[in-house]
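Engineer: Kindly generate the corresponding structure for this input.
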Amino acid sequence: MSDNLVPETFTLVSQLDEMNFDVIHGFISQTYWAKGIPAEVLKTALANSICVGVLHYGEQVAFARVITDKATFGYLADVFVLPEYRGQGLSKCMIDAIVNLPELQGLRRFMLATKDAHTLYTQFGFEAVTDPTPLMQIHRPDIYTQGQQ
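Structural biologist: Numbering: from 1, shown residues only. Next comes the predicted model:
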C-alpha cells in the first residue's frame, strides 16, 4: 500500500491485526450511521471488508473500510478521523490508498453515502448519483439502538 501522501509521523496500515479495534468501535458506535453497533457485529463486518487505518506513533487515529466482491462492486464505509487529528490530510491519504488498491481496479460500481464530505470524495472521482431510480434499499437506521431504552 502506497503511503507517499501520509504525513511523516503517521503510518498507513491495511492489516486488521495492526489496528486498535477498541478505538474503531468506540468511534463508529457513536456515529449517526452506526450508533450502538455491537462489538461482535462490527468485528464480523471488519473481518469481511478491506480495511485501511492510520496510526500516529502506533495509536489508531483514522479508519475506513470497503465492502466488496473485489470484481464488480465496492462500497466505501465507516470513514473517520479522530477529531484531534482532522485537518492534516489523513482522510485524503486513506481514500487515495483505497481507490488505488489493485484489487479494487475495474469495479463496475463503487459507492458510498455521506451527509457532509462530498468535497472530499469528489476529489477521487466519486459523484452524485444522477439517476437514483434503479437504486433501492432496506434501511434500518436504528437497528442497533432499538430496545435499548
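Engineer: wait, what's in contact with the most centrally placed residue in the chain?
Structural biologist: Nearest to the mean C-alpha position of the chain, by C-alpha atoms, centre = their mean, lies residue 64 at 2.5 Å. Going by C-beta atoms under 8 Å, 6 or more residues apart in numbering, residue 64 touches 51, 52, 53, 76, 77, 78, 79, 80, 91, 94, 95, 98. Where you see a C-beta, it was placed from the backbone N, CA and C, and this is true even at glycine.
Engineer: what do you get for residue 111?
Structural biologist: Contacts of residue 111 by C-beta under 8 Å, 6+ apart are 73, 74, 75, 76.
Engineer: thinking again about what came up before, so which of the contacts of residue 64 belong to helices?
Structural biologist: Residues of the contacts of residue 64 located in helices (DSSP state H): 91, 94, 95, 98.
Engineer: Next, find the distance separating the first one from residue 123.
Structural biologist: Spelled out, that is residue 91. 10 Å (C-beta to C-beta, to the nearest Å).
Engineer: Can you tell me which of the contacts of residue 64 is closest to residue 13?
Structural biologist: Distance to residue 13 across these (C-beta to C-beta) is lowest for residue 53, with 5.0 Å.
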